[in-house]
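*Asks:* Give me coordinates for this.
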Amino acid sequence: MFILSLDGAMIYLFVYVDDILLTGSNSVVLHRLIILLQSELMLRDLAYVHFFLGIEVKSTAMVSY
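*Replies:* Below you'll find the predicted structure:
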């Protein structure tokens, strides 16, 4: 697991063998990182994740107080 704090956003990169899960708090920063990774590595953006390593993933809206 790698954690990146960039431009006020938190980005989380989970790697297991050849599976990568990339998520974060800012979609613009996340998209910039995906473009950067695609320029260096052969990878496919599969968009929304439903399962990762046998764990079901559910997306929720962030709530600010």
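
*Asks:* Going by C-alpha atoms from here, please, whenever you check contacts or count neighbours.
*Replies:* Noted.

*Asks:* and the spatially most central residue of the chain, bridged to which residues?
*Replies:* Within the chain, the residue whose C-alpha comes closest to the C-alpha centroid is residue 22; the distance, by CA atoms, centre = their mean, is 1.7 Å. Counting by DSSP bridges, residue 22 is bridged to residue 13.

*Asks:* and it, what is it in contact with?
*Replies:* For residue 22, the contact set (CA atoms under 8 Å, 6 or more residues apart in numbering) comprises 11-14, 30.

*Asks:* now, the most widely separated pair of the residues you listed?
*Replies:* The most widely separated members of the contacts of residue 22, counting by CA to CA, are 14 and 30 (13.6 Å).

*Asks:* quick revisit: just the buried ones among the contacts of residue 22, please.
*Replies:* Buried residues within the contacts of residue 22, counting neighbours by 16 or more other CA atoms under 10 Å: 11-12, 30.

*Asks:* Output these in CSV, with pLDDT appended to each entry.
*Replies:* CSV is the format used below for the buried ones among the contacts of residue 22 (pLDDT from 0 to 100):
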residue, pLDDT
11, 91
12, 92
30, 87
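
*Asks:* In JSON lines, list these along with distance to residue 38.
*Replies:* Formatted as JSON lines, the entries for the buried ones among the contacts of residue 22 read as follows, by distance: CA to CA, whole Å:
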{"residue": "11", "distance to residue 38": "16"}
{"residue": "12", "distance to residue 38": "17"}
{"residue": "30", "distance to residue 38": "12"}
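
*Asks:* nearest to residue 50, of the residues you listed?
*Replies:* The shortest separation between residue 50 and any of those is 16.6 Å, and it belongs to residue 12 (by CA to CA).

*Asks:* Enumerate every residue touching that closest one.
*Replies:* Contacts for residue 12 were tallied using CA under 8 Å, 6+ apart; they are 1-4, 21-24.
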